[in-house]
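Student: Below is the sequence, then the predicted model.
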Amino acid sequence: MTNKNIDPNIFPCKIPVFPLEKCLLLPKATLPLNIFEPKYISMIDDALAGDRFIGIIQPLIKTKNKKEQKLESVGCLGKISTYIENDDNTYIVKLTGICRFNLINETKTDFKYRKFEVNYNNFLNDLSETNTISDKERKTLLKIIAEYLNVNDLTTDWEAISDTKTEILINIFSMLSPFNASEKQALLEAITIKKRSEVLIALSELAIASRNDNKTTFMQ
């Protein structure tokens, strides 16, 4: 599923939201989720019976009462692209990122999960094919990704990475990298893919430097 030629008018103005700390969904990328909490099983049931849209957003402040939990102001709309219903009625679902949104107001409902009024107007560029990254900037990004994988002793299919479109590469690496919640939010809120690439490179360079410093200290 791609976002090209999607009419933003088909997006729901009120959506169920799934708060997940340190978890991002970004446009044109996919996010696998294991759904086991009863209220979120109910959310998936309702989504599958309807338009399949769900919003992913990070919690802002932890509270004992999750119904009063504050949320970040920006999240991303996802659509259930595939799902597996397990024998115990839990789900494994895959969400495809569509478009980011601003949270407006919470909607009072009888559902156990939360629904919000949202607005997509600030992020309609998510729906277009964007390739504003120069070849030089892509080479820098690939170099940083290689260094990051190396210092963390991670392996991957480098040929597949090299063949991935720049925008999708940036979004996937932003989602998979183990940055903290505020850093993840900064990646989500980067207004353009070029800006997200710059934030991603800066965060990765800091992580690489920190990792190298720790190795040096350990060796001493």
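Tutor: That came through fine.
Student: Now do Leu206: how many residues are near it, please.
Tutor: Leu206 is surrounded by 12 other residues when neighbours are defined as other C-beta atoms under 10 Å. All C-beta atoms are positioned from the backbone trio N, CA, C, and that covers glycine.
Student: For the helix of greatest length in the chain, which residues meet the burial criterion?
Tutor: For the chain, the helix reaching the highest residue count under DSSP state H is reported as helix 193-219. Buried residues in helix 193-219, counting neighbours by 16 or more other C-beta atoms under 10 Å, are found at 193-194, 196-201, 203-204, 207-208, 211.
Student: which among these gets closest to Phe173?
Tutor: Minimum distance to Phe173 across the buried residues of helix 193-219 is 6.4 Å, recorded for Leu200 (C-beta to C-beta).
Student: is it true that the closest one touches Leu141?
Tutor: Yes - using C-beta atoms under 8 Å, Leu200 is in contact with Leu141, at 7.4 Å.
Student: Which neighbours do the two have in common?
Tutor: Taking C-beta atoms under 8 Å, 6 or more residues apart in numbering as the contact definition, Leu200 and Leu141 share the neighbouring residues Ile170.
Student: For Cys99, which three-state class applies?
Tutor: strand (DSSP: H, G, I helix; E, B strand; the rest coil).
Student: List phi and psi for the closest residue in space to it that isn't next to it in sequence.
Tutor: By the measure of C-beta to C-beta, 6 or more residues apart in numbering, the closest residue to Cys99 outside its immediate chain neighbours is Asp126, 4.4 Å from it. The main-chain torsion angles of Asp126 are listed as degrees, to the nearest 10 and equal phi -60, psi -20.
Student: please renumber so the chain begins at 42
Tutor: Will do, 42 is the new start, and the previous item becomes Asp167.
Student: quick one: pLDDT of the most centrally placed residue in the chain?
Tutor: A centroid search over the chain (C-alpha atoms, centre = their mean) returns Leu66, at 1.8 Å, as the residue closest to the centre. For Leu66, the pLDDT comes out at 96.
Student: Repeat that for Met260.
Tutor: On the pLDDT scale, Met260 is placed at 32.
Student: Please apply the same query to Leu165.
Tutor: pLDDT at Leu165 comes out at 90.
Student: Please verify my assumption that it contacts Arg141.
Tutor: No - checked against C-beta under 8 Å, the pair Leu165 and Arg141 is beyond contact range at 9.5 Å.
Student: Among these two, which residue is more densely surrounded?
Tutor: The residue with more neighbours, out of Leu165 and Arg141, is Arg141; 25 against 11, by other C-beta under 10 Å.
Student: I am finished for the moment; much appreciated.
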